[in-house]
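Participant: just coords:
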């Protein structure tokens, strides 16, 4: 149980977070760290989060969404997947569609519905609506 801060804007939140990390000596090993995995482990070791798997979850999130792109010399594509082609196939959701139905028709297997959802940064439980454009994985 801990206190949490609230902000009027995203920019205010980011600024305060940076000041928070830079202002406490226990986080000094993180400032300037160029290896994101080492930074994730160091921030956990410094007591930033109470979740035992915080560093691993943070690393997986960075890899899943290719956030290491923002590091100097970083690659845009997530480390765990091959670079996709520049052309992405899309599908416009129809009134009777579901992730399963679209996966069956577009990917040849309805059981790939989770992959389809996650490829579009959604969960399989997300509501899709007619006219929504989904990217289709290769």
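Facilitator: It's in. Predicted, not measured: the structure shown is a model, and the values here were computed from it.

Participant: The chain: helices as residue ranges?
Facilitator: Assignment of helices within the chain using DSSP state H yields the ranges 10-23, 36-45, 54-64, 99-107, 113-119.

Participant: okay, those in CSV with mean pLDDT next?
Facilitator: Converted to CSV, these look like this (pLDDT from 0 to 100):
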stretch, mean pLDDT
helix 10-23, 85
helix 36-45, 90
helix 54-64, 88
helix 99-107, 95
helix 113-119, 90
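
Participant: Now mean neighbour count and distance to residue 125 too, for the ones you listed, in CSV please.
Facilitator: In short, each C-beta sits where N, CA and C put it, glycine included. Shown next, in CSV, are the helices of the chain (neighbours: other C-beta atoms under 10 Å; distance: least, C-beta to C-beta, whole Å):
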stretch, mean neighbour count, distance to residue 125
helix 10-23, 11, 26
helix 36-45, 18, 28
helix 54-64, 16, 18
helix 99-107, 17, 9
helix 113-119, 17, 8
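
Participant: JSON lines for the ones you listed, including distance to residue 126?
Facilitator: As requested, the helices of the chain are exported to JSON lines (distance: least, C-beta to C-beta, whole Å):
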{"stretch": "helix 10-23", "distance to residue 126": "23"}
{"stretch": "helix 36-45", "distance to residue 126": "27"}
{"stretch": "helix 54-64", "distance to residue 126": "16"}
{"stretch": "helix 99-107", "distance to residue 126": "8"}
{"stretch": "helix 113-119", "distance to residue 126": "6"}
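
Participant: Any idea which of the ones you listed gets closest to residue 133?
Facilitator: Distance to residue 133, taken as C-beta to C-beta, is lowest for helix 99-107 among those, at 11.5 Å.

Participant: That concludes my questions; thank you for your assistance.
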